[in-house]
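Visitor: Okay, here's the prediction I keep looking at, along with the sequence it came from:
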Amino acid sequence: MRNTKRRSIFQFLMISSPVKKGWYAAFCFELALIREGKDPFQLRGQISKLAFNYYRSVIECNLSDDLLNQTLPNKYYV
């Protein structure tokens, strides 16, 4: 499905950070967002809020739907 300002689905993934012990990494694939943190519950809230604000900005500023259909760099797909 291609995301648009009228209809979008975003996928999130959270993993234990392979780089920093005791840290977590959260990803939003369609918006190419990445966040790290020590508390997985706070991190979940942060990445969700970040994605919502990003989506809202695209709508309010009438930006291209392409911004809602990005990809993460290949190094994040292992």
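Guide: Right, received. Where do you want to start? Because the structure is predicted, anything quoted here is derived from the model rather than measured.
Visitor: From here on, just use CA atoms for contacts and neighbour counts.
Guide: Fine.
Visitor: Show me the strands in the chain, by range?
Guide: For the chain, the strands defined by DSSP state E occupy 12-16, 24-28, 33-37.
Visitor: and those strands, which is most packed in?
Guide: Compared across the strands of the chain, strand 24-28 shows the largest average neighbour count, a mean of 21 (mean count of other CA atoms under 10 Å).
Visitor: can I have it written out in PDB, keeping just the CAs?
Guide: Taking C-alpha atoms only, strand 24-28 is exported to PDB below (Å, rounded to 0.1, in the frame of the first residue of the first chain):
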ATOM      1  CA  TYR A  24      17.000  -0.100  22.500                       C
ATOM      2  CA  ALA A  25      16.500   1.100  18.900                       C
ATOM      3  CA  ALA A  26      13.000   1.900  17.500                       C
ATOM      4  CA  PHE A  27      12.300   2.300  13.800                       C
ATOM      5  CA  CYS A  28       9.400   3.600  11.700                       C
END
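Visitor: Run me through the strand neighbours of it, direction for each.
Guide: According to DSSP bridges, strand 24-28 has the following sheet partners: strand 12-16 (antiparallel), strand 33-37 (antiparallel).
Visitor: residues in contact with the last one?
Guide: Translated: strand 33-37. Residues outside strand 33-37 that contact it (CA atoms under 8 Å, 6 or more residues apart in numbering): 17, 23-28, 43, 46-47, 51, 72.
Visitor: hmm, try it at 7 Å
Guide: Residues from elsewhere that reach strand 33-37 (CA atoms under 7 Å, 6 or more residues apart in numbering): 23-28, 43, 47.
Visitor: want to try JSON lines for the strands of the chain, with distance to Tyr55 as columns?
Guide: Shown next, in JSON lines, are those (distance: least, CA to CA, whole Å):
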{"stretch": "strand 12-16", "distance to Tyr55": "14"}
{"stretch": "strand 24-28", "distance to Tyr55": "12"}
{"stretch": "strand 33-37", "distance to Tyr55": "12"}
